[in-house]
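J.: Sequence and computational prediction follow.
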Amino acid sequence: MRIALLAAIAAIVLCFLFLCTGSMIQKMRGKKDFSLSGALLLGYVVYFSLFEVICLACEVTLAPLSRLSVIMMTVGTALMLGGVVYCWRNWLFRVSSLKSRLRAHGWLLAVVIVLTLAVCFFALIYTDDSADSDFYVGMASTALYTNTIGRFDPTNGRLLKAINPRYAYALYPIHNAAVADLFHIPAIVAARSVMSVINALVSCLAYYKLGRILFVQKADSNLTLEETGRTGDQVYVLQTRKTDVFTILLLLLNLFSATIYMPGAFLFTRTFEGKHLIVNVVVPLAAAVCVAVYRGIPEDAGEQRYVFENLFFLLLAGVCFSASVSVPALMVAAALFPFSVYSKKWNMLLRLFLAELPFLVWAVLYILNSRRVFILAAYR
């Protein structure tokens, strides 16, 4: 009972941390009426990009896991305090306008919520004893009980001579260890319960975000102010309900998927490892970036740079999740590079290059490390 209570507290605290982080970024960008679910999604991505940088620095310097935990606790506390002080008025405003937004969703929102809860529930109760599960949960357990980061082989407990480059940069399992250390719960609970539920929720939000981008409607400049307001309300309702239906269809496909080639298989069976996050978070959001750029969303040229900023954080978080970040990184490049050249938008090409830097830096380091041009020593 004690472990279950601590696990629930950990999940609530982490979700609140993501909300605070995303809210501050949205407000710093000048957005006052921002979506709370969108803020949580953005905060999740930014948090893991920050974790990747901090954890990699601790790994290279052979710092103990306890030091990483203290650093992340300090950073997380600062972000939560900053979010509360800086954004509480925005949260109250969003809550006060909840009635009109519920009316726009209609009964479809109830279906979305039920399916989202079902996804979280099945991700929580699913039992998997595969080799992958043993390794990735074992990696978190080994880090926790040896107070190290990547220095021991989780399959046999032996001290490594050099950190395996395949796992040296994909540090998501170490986050599970840090959560377990901070909230005094077993690593398997942090990996298979706390983060599984959060990851399932964030995956559903990523699907919804993709739907919002797909079905957003641009304003008609030929309409009068009154017509724009009246038409805008109708368009908003239609866009919202289309997005709800889109999300419902994706969630149903996942819930009834029975093959490893469907995203739902990763969503339910591999929530303990970063590949699931590549498939169900990074790829949908990367697709949303491509659609947004193609459609010129947002319309304000000054705000379009935020799309590439988000892509930068997304790919950096993807490096933390798995080496499979190469898939969405190359997907975005294949979609936007020819588009930028064909439309002669050279500024966009530069932004794309800067956004892809986390992937490019990781690729160079991984190749050099694999070919032993340099090694990450596991001990001094």
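T.: Cool, got the structure. Numbers count the residues shown, from 1 in each chain.
J.: Mind picking out the helix or strand in the chain with the poorest mean pLDDT?
T.: Lowest on mean pLDDT, DSSP states H and E among the helices and strands of the chain sits helix 263-269, with a mean of 71.
J.: Send me that helix as PDB with only the CA atoms.
T.: Written as PDB, here are the backbone C-alpha positions of helix 263-269 (Å, rounded to 0.1, in the frame of the first residue of the first chain):
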ATOM      1  CA  PRO A 263       2.000   1.300 -32.500                       C
ATOM      2  CA  GLY A 264      -0.400  -0.100 -29.900                       C
ATOM      3  CA  ALA A 265       1.900  -3.100 -29.400                       C
ATOM      4  CA  PHE A 266       4.700  -0.700 -28.300                       C
ATOM      5  CA  LEU A 267       2.200   1.400 -26.300                       C
ATOM      6  CA  PHE A 268       1.100  -1.500 -24.100                       C
ATOM      7  CA  THR A 269       4.000  -4.000 -24.200                       C
END
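J.: How about the secondary structure of residue 30?
T.: Secondary structure state of residue 30, per DSSP: H, G, I helix; E, B strand; the rest coil, is coil.
J.: Tell me how many other residues crowd it.
T.: The criterion is other C-beta atoms under 10 Å. On that basis, residue 30 has 10 neighbouring residues. C-beta: built from backbone N, CA, C; applies to glycine.
J.: Now do it, the pLDDT please.
T.: The per-residue pLDDT reported for residue 30 equals 83.
J.: what do you get for residue 364?
T.: pLDDT, the model's per-residue confidence, is 94 for residue 364.
J.: distance of it from residue 371?
T.: Here residue 364 is placed at a distance of 11 Å from residue 371 (C-beta to C-beta, to the nearest Å).
J.: Who are the contact partners of the residue nearest to residue 185 when sequence neighbours are not counted?
T.: With C-beta to C-beta, 6 or more residues apart in numbering as the criterion, residue 185 has its nearest non-adjacent residue at 5.0 Å, and that residue is residue 6. By C-beta atoms under 8 Å, 6 or more residues apart in numbering, residue 6 lies in contact with 183-185.
J.: what about the residue found closest to residue 60 once you drop the neighbours it is linked to in the chain, neighbour count?
T.: Taking C-beta to C-beta, 6+ apart as the measure, residue 60 lies nearest to residue 376, with 6.4 Å between them; neighbours along the chain are not counted. Applying the criterion other C-beta under 10 Å, we find 19 residues in the vicinity of residue 376.
J.: How far away from the center of its chain is the one helix or strand residue 204 maps to?
T.: Taking DSSP states H and E as the criterion, the element that holds residue 204 is helix 195-215. With C-alpha atoms, centre = their mean, to the nearest Å as the basis, the distance from the averaged C-alpha position of helix 195-215 to the chain average is 9 Å.
J.: do the same with stretch 164-172
T.: Averaging C-alpha positions (C-alpha atoms, centre = their mean) puts stretch 164-172 18 Å from its chain's average.
J.: Of all the residues in that stretch, which ones are buried?
T.: Neighbour-count burial for stretch 164-172, with 16 or more other C-beta atoms under 10 Å as criterion, is recorded at 165, 167-172.
J.: Nearest to residue 348 among those?
T.: Closest approach between these and residue 348, by C-beta to C-beta: residue 169, at 27.9 Å.
J.: just so I have it, where are all the helices in the stretch 251-380 of the chain?
T.: 263-269, 274-277, 283-295, 305-321, 326-342, 346-355, 357-370 (DSSP state H, counting those that start in this stretch).
J.: re the thing from before, would you mind giving the contacts of residue 6 as TSV with distance to residue 150 and secondary structure added?
T.: Converted to TSV, the contacts of residue 6 look like this (distance: C-beta to C-beta, whole Å; DSSP: H, G, I helix; E, B strand; the rest coil):
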residue	distance to residue 150	secondary structure
183	21	helix
184	22	coil
185	21	coil
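J.: Compare those residues and tell me which has the most neighbours.
T.: Note: the member of the contacts of residue 6 with the most neighbours is residue 185, at 22 neighbours, neighbours being other C-beta under 10 Å.
J.: mind listing what that residue touches?
T.: Counting by C-beta under 8 Å, 6+ apart, residue 185 makes contact with 3, 6-7, 10, 179, 194.
J.: Tell me the one of these nearest residue 288?
T.: residue 194 (26.3 Å).
J.: How many residues are close by that closest one?
T.: A count of nearby residues for residue 194, using other C-beta under 10 Å, gives 25.
J.: With the one 5 residues further on instead?
T.: Here the count is done by other C-beta under 10 Å, and residue 199 has 24 residues near it.
J.: wait, what's in contact with it?
T.: The neighbours of residue 199, taking C-beta under 8 Å, 6+ apart as the test, are 123, 271, 276-277, 280-281.
J.: what residues are up against the residue lying closest to residue 315 once chain neighbours are set aside?
T.: Once its chain neighbours are removed from consideration, residue 315 has its nearest residue in residue 358; the separation is 4.5 Å (C-beta to C-beta, 6+ apart). Taking C-beta under 8 Å, 6+ apart as the criterion, residue 358 is in contact with 49, 312, 315-316, 318-319.
J.: switch to 10 Å and redo it
T.: With contacts taken as C-beta atoms under 10 Å, 6 or more residues apart in numbering, residue 358 has the following neighbours: 49, 52-53, 311-320, 325, 329.
J.: What of residue 333?
T.: Under the criterion of C-beta under 10 Å, 6+ apart, the contact partners of residue 333 comprise 352-353, 355-356, 359-360.
J.: Thanks a lot, see you next time.
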